[in-house]
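Peer 1: sequence first, predicted model second:
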Amino acid sequence: MSDPTDLLHIPAVYCPGTPTPHPLTREAEQRSIAYMDKYQLFWDEAQRERLVHGDSAAVGGYLVPDGTPERLQLATDMSIWAFAWDDEFCDEGPTRDKPMELADAAYRIQRAMESVEVVLYPNDRYAMAWRDLMLRVTRYCAPLDAALWVEGARSWFFTEILKAGNVRRGLTPDLSTYMVIRVATGATPLYSLLPQMVRAIPVTPAMIADRRICAIREMSALTMNCYSDLCSYRKERHRTGDGHNFLDVVRREYALDEADGVLVAVDYINRMMHWYHTLGEQVVRDCHDPVVERYVTSMWNYTAGGMLWCRESRRYRFLDGMTTDPETFLDAGFLDAPPSDDTSSLPIPSISWWWHLPSV
């Protein structure tokens, strides 16, 4: 195993555009810390400090460059809740390898989201905090957004329970399986709804069901998440090391050392990003719909903003997630143009459908 103090060298990756965090991000972050404190979303003071100093709320503002203060607050509150719950229950806490206990915790939160009219679990701090958040979602966002939010949480929880079962049995996924897992872990199904919710994009059920839009949504998540896995690689191996990281999976899949694994991982990220933008441009051109154009553009902003946060966040850049030493990775930044014109399918069966879509 590499020394956690050795820097992971990440080559430049293709990430077009100029990510611009919401101008009120830091103000919203402070209110999110107060929200976290109100519901005690941490297991000890050290964990609270990691959440505060690791920019855990700020990522919500990096994903959306505009939107009303109330909707932005949903994004930053949801983000600090997600990091807190993910750390305490999924990655580092006592249920990280106990799927039944994790399911027990998740079902209460899920039901609290589905029945916000009443208080069902007054002694469950995470359920109460999520009910608070869900009440505001129903107040400020469209009914379709609220319904998708509830179902997104269900997908997230189900996948985290699956992952806990893997950890319990000492199983590590192959690359194709991992991509299915990674598209839903870390609250991704909820994060990927933030662009339409915060920026008030009037999506329709037909639009959400469009297979091209589904592919764009998946690509937005996986491109960013795979890059996030590179930035968090040293930190994860130091704190948990369960093998559920894109770089770990690539290295196992192709029997590579760390340096060669990084090169393959970055190549795959670049190729996903290239097809993501190519497909998005085709969809905008074919649909002639301003709502579709707003949605596709917002997802591009979302991915670029999230990747910028991964580079800048103390949560990933520093081993303890708080201080300035030791650093965990050295990155070469972003590329404005793809390093290759190759738009062929990646050799990963579970995501190959992205390249087999109607009207493309």
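Peer 2: That came through fine. Numbering: from 1, shown residues only.
Peer 1: Asp87 contacts Gly93, correct?
Peer 2: Yes: Asp87 is within contact range of Gly93, at 6.9 Å (criterion: C-beta atoms under 8 Å). Quick note: C-beta positions are derived from backbone N, CA and C, even for glycine.
Peer 1: neighbour count for those two, which is higher?
Peer 2: Neighbour count, other C-beta atoms under 10 Å: between Asp87 and Gly93, Asp87 has more, with 24 against 18.
Peer 1: identify the residues contacting that one.
Peer 2: If you count contacts by C-beta atoms under 8 Å, 6 or more residues apart in numbering, Asp87 has them with 47, 50-51, 93.
Peer 1: filter those residues down to just the ones in helices.
Peer 2: Mapping those onto helices (DSSP state H) picks out 47, 50-51.
Peer 1: let me see the mean pLDDT of the lengthiest helix in the chain.
Peer 2: Secondary structure of the chain per DSSP H: the longest helix is helix 258-287. Looking at helix 258-287 alone, the average pLDDT works out to 97.
Peer 1: residue ranges for the helices of the stretch 251-360 of the chain, please.
Peer 2: Ranges of helices in the stretch 251-360 of the chain, per DSSP state H, counting those that start in this stretch, are 258-287, 290-312, 314-317.
Peer 1: ok, and the closest non-adjacent residue to Leu175?
Peer 2: Counting by C-beta to C-beta, 6 or more residues apart in numbering, Glu253 is the residue found nearest to Leu175 once chain neighbours are left out, at 4.4 Å.
Peer 1: again, but for Ser79
Peer 2: Once flanking residues are discounted, Ser79 sits nearest to Gly60: 4.0 Å by C-beta to C-beta, 6+ apart.
Peer 1: and the one you found, that's in a strand?
Peer 2: No: the assignment for Gly60 (DSSP: H, G, I helix; E, B strand; the rest coil) gives helix, which keeps it out of a strand.
Peer 1: that one against Arg71, yeah?
Peer 2: No: the pair Gly60 / Arg71 is not scored as a contact, 10.1 Å apart, by C-beta under 8 Å.
Peer 1: settle it for me: which of those two has more neighbours?
Peer 2: Gly60 (29 against 20).
Peer 1: and the gap between that one and Trp309?
Peer 2: Between Gly60 and Trp309 the computed distance is 9 Å (C-beta to C-beta, to the nearest Å).
Peer 1: how about Trp354?
Peer 2: Look at Trp354 and Trp309: by C-beta to C-beta, they are 24 Å apart.
Peer 1: comparing those two, which residue is more hemmed in?
Peer 2: Using other C-beta under 10 Å as the criterion, Trp354 and Trp309 rank with Trp309 on top: 25 against 22.
Peer 1: distance of the residue lying closest to that one once chain neighbours are set aside relative to Met273?
Peer 2: Excluding its sequence neighbours, the residue lying closest to Trp309 (C-beta to C-beta, 6+ apart) is Tyr62, at 4.1 Å. Tyr62 is 17 Å from Met273, where distance means C-beta to C-beta.
Peer 1: then Tyr254?
Peer 2: In terms of C-beta to C-beta, Tyr254 sits 20 Å off from Met273.
Peer 1: and Asp325, by the same measure?
Peer 2: 31 Å.
Peer 1: try Ile216
Peer 2: Noted for Ile216: a distance of 12 Å to Met273, by C-beta to C-beta.
Peer 1: residues shared between the contacts of the two?
Peer 2: Counting by C-beta under 8 Å, 6+ apart, Ile216 and Met273 have no common neighbour.
Peer 1: and those two? Which one has more around it.
Peer 2: Neighbours were counted for Ile216 and for Met273 using other C-beta under 10 Å; Met273 has more, 28 against 25.
Peer 1: I'd say the more buried one and Cys15 touch.
Peer 2: Yes: Met273 is within contact range of Cys15, at 6.6 Å (criterion: C-beta under 8 Å).
Peer 1: still on that earlier bit, the residue nearest to Trp309 and Ala304 touch, don't they?
Peer 2: No: contact criterion C-beta under 8 Å: Tyr62 and Ala304 do not qualify, at 9.0 Å.
Peer 1: what do these two both touch?
Peer 2: Common contact partners of Tyr62 and Ala304 (C-beta under 8 Å, 6+ apart): Pro19.
Peer 1: and those two? Which one has more around it.
Peer 2: A side-by-side neighbour count of Tyr62 and Ala304, using other C-beta under 10 Å, places Tyr62 first with 27 against 24.
Peer 1: where does pLDDT dip in this structure?
Peer 2: Applying pLDDT under 70 to the chain flags the ranges 1-5, 91, 241, 359-360.
Peer 1: recalculate using a threshold of 80.
Peer 2: The chain contains residues with pLDDT under 80 at 1-5, 90-97, 238-241, 321-322, 324-325, 359-360.
Peer 1: just the strands in it please.
Peer 2: Residue ranges of the strands in the chain, as given by DSSP state E, are 8-10, 13-14, 329-331, 334-335.
Peer 1: relative to the last one, what are the paired strands and their orientations?
Peer 2: Note on strand 334-335: by DSSP bridges, its sheet partners are strand 13-14 (parallel).
Peer 1: next one: the third one
Peer 2: Next to strand 329-331 in the sheet, as set by DSSP bridges, lie strand 8-10 (parallel).
Peer 1: and the contacts of the strand it pairs with?
Peer 2: So strand 8-10 is in contact with 2, 230-231, 233-234, 258-259, 262, 266, 328-332, going by C-beta under 8 Å, 6+ apart.
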